[in-house]
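S.K.: can you look at this prediction? I've put the sequence above it.
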Amino acid sequence: MAYYFGFEPTEKLSDMITEAEQIIDSGKDVSYYPLRNDIAQQIGRELLDNMLVNLISVIPDAERQEKMRGIVNKIEGATETMLNILLGKDSNKEVIPNFDYMKNETVFEDNSGNTRVGFKMDDASAKTILEGFDAVTPESVNKEKLVKALFAMNHAVVDHFITRFSETLPLGLIKRKSVPVAKAGINKALEMAINKLLPQLPTESLNRLVGFYRPFIIEK
C-alpha cells in the first residue's frame, strides 16, 4: 500500500505527453527540447490551476477572493519565470533523462485506470496530510493540523516538480544554485497564501477546502 499525489491532466496535456513519447520511441530526427519545455510549462500551469486557482471558489467573500487571486498570480508568475530560466535548448541526449523522469515518476494510473500527473509520496508526508484532513469535520476543525497538512502537501509537490525535476536538467552552476532560491520563494508564497486563507474561512468552507484537496491523495 502506498500513497500518491496526482491530478487528472487535461486532454491537451495528455496529448502532449503521448506525442512526445511517440516521437522519442520512434527515434524521429527532431529536437526534443521544445516538447520537453512545452510539457513542463503545461504541467506547471495545470498544477497551479488544480492546487490554487480552482481553490479560490471556496472563499466565501469576494474581496478575499481578489486578494487570494493576487497571491496566486504572483506564484504563477514566479513559476513561469523559473521554468523559462531552467529550460533551455538542450541536446536530445540531455533531454532524455527529463522525459524518463516525467514518464516513470510523474505519470501514473489511479485505481480506476485513469492517468494522473503526480508522484508517489513518502509515508511521513502522506500521514501528516491525511491526519490534517481528518481533523476537519462539520462539527470541529483542528486548524493547526490542517495547516501542517497543507504545508506538507505543498512542500512535497514543490520538491517533486522543481527540485527533483531540475536534477535531471543539464544546468550550469549559476542556474543550479538558483533552484533552491526559487523553491524557497514559491514555498514561502504558498505558506503565505495558506496563512492568509485559513483564519478567514468558516468551518463550512474549511470542509469544502478539504473536500477539494482530498481527491488528489490516492491510496493504491
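M.R.: Yep, it's here.
S.K.: and the gap between residue 171 and residue 47?
M.R.: In this view, residue 171 and residue 47 are 21 Å apart by C-beta to C-beta, to the nearest Å. In short, each C-beta sits where N, CA and C put it, glycine included.
S.K.: the helices in this structure, which residues?
M.R.: 11-26, 33-48, 62-86, 92-105, 123-134, 143-158, 165-166, 173-197, 203-213 (DSSP state H).
S.K.: adding distance to residue 54, mean pLDDT and mean neighbour count, write these out as JSON lines.
M.R.: Shown next, in JSON lines, are the helices of the chain (distance: least, C-beta to C-beta, whole Å; pLDDT from 0 to 100; neighbours: other C-beta atoms under 10 Å):
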{"stretch": "helix 11-26", "distance to residue 54": "16", "mean pLDDT": "94", "mean neighbour count": "14"}
{"stretch": "helix 33-48", "distance to residue 54": "10", "mean pLDDT": "94", "mean neighbour count": "18"}
{"stretch": "helix 62-86", "distance to residue 54": "10", "mean pLDDT": "85", "mean neighbour count": "15"}
{"stretch": "helix 92-105", "distance to residue 54": "23", "mean pLDDT": "93", "mean neighbour count": "16"}
{"stretch": "helix 123-134", "distance to residue 54": "17", "mean pLDDT": "97", "mean neighbour count": "17"}
{"stretch": "helix 143-158", "distance to residue 54": "15", "mean pLDDT": "94", "mean neighbour count": "19"}
{"stretch": "helix 165-166", "distance to residue 54": "23", "mean pLDDT": "92", "mean neighbour count": "20"}
{"stretch": "helix 173-197", "distance to residue 54": "13", "mean pLDDT": "84", "mean neighbour count": "15"}
{"stretch": "helix 203-213", "distance to residue 54": "7", "mean pLDDT": "91", "mean neighbour count": "17"}
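S.K.: who wins for proximity to residue 115 among those?
M.R.: Comparing the helices of the chain by their distance to residue 115 (C-beta to C-beta), the top pick is helix 11-26, with 6.4 Å.
S.K.: so how far is the closest one from its chain's centroid?
M.R.: 20 Å (C-alpha atoms, centre = their mean, to the nearest Å).
S.K.: CA-only coordinates of that helix, as CSV, when you get a sec.
M.R.: The C-alpha trace of helix 11-26 is given here as CSV (Å, rounded to 0.1, in the frame of the first residue of the first chain):
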residue,chain,number,x,y,z
GLU,A,11,-6.8,16.5,-22.8
LYS,A,12,-4.2,19.0,-24.1
LEU,A,13,-1.5,17.8,-21.6
SER,A,14,-2.3,14.1,-22.2
ASP,A,15,-1.9,14.6,-26.0
MET,A,16,1.4,16.5,-25.5
ILE,A,17,2.8,13.6,-23.4
THR,A,18,1.6,11.0,-25.8
GLU,A,19,3.0,12.8,-28.8
ALA,A,20,6.4,13.2,-27.1
GLU,A,21,6.5,9.5,-26.2
GLN,A,22,5.7,8.5,-29.8
ILE,A,23,8.4,10.9,-31.2
ILE,A,24,11.1,9.7,-28.9
ASP,A,25,10.2,6.0,-29.2
SER,A,26,10.3,6.2,-33.0
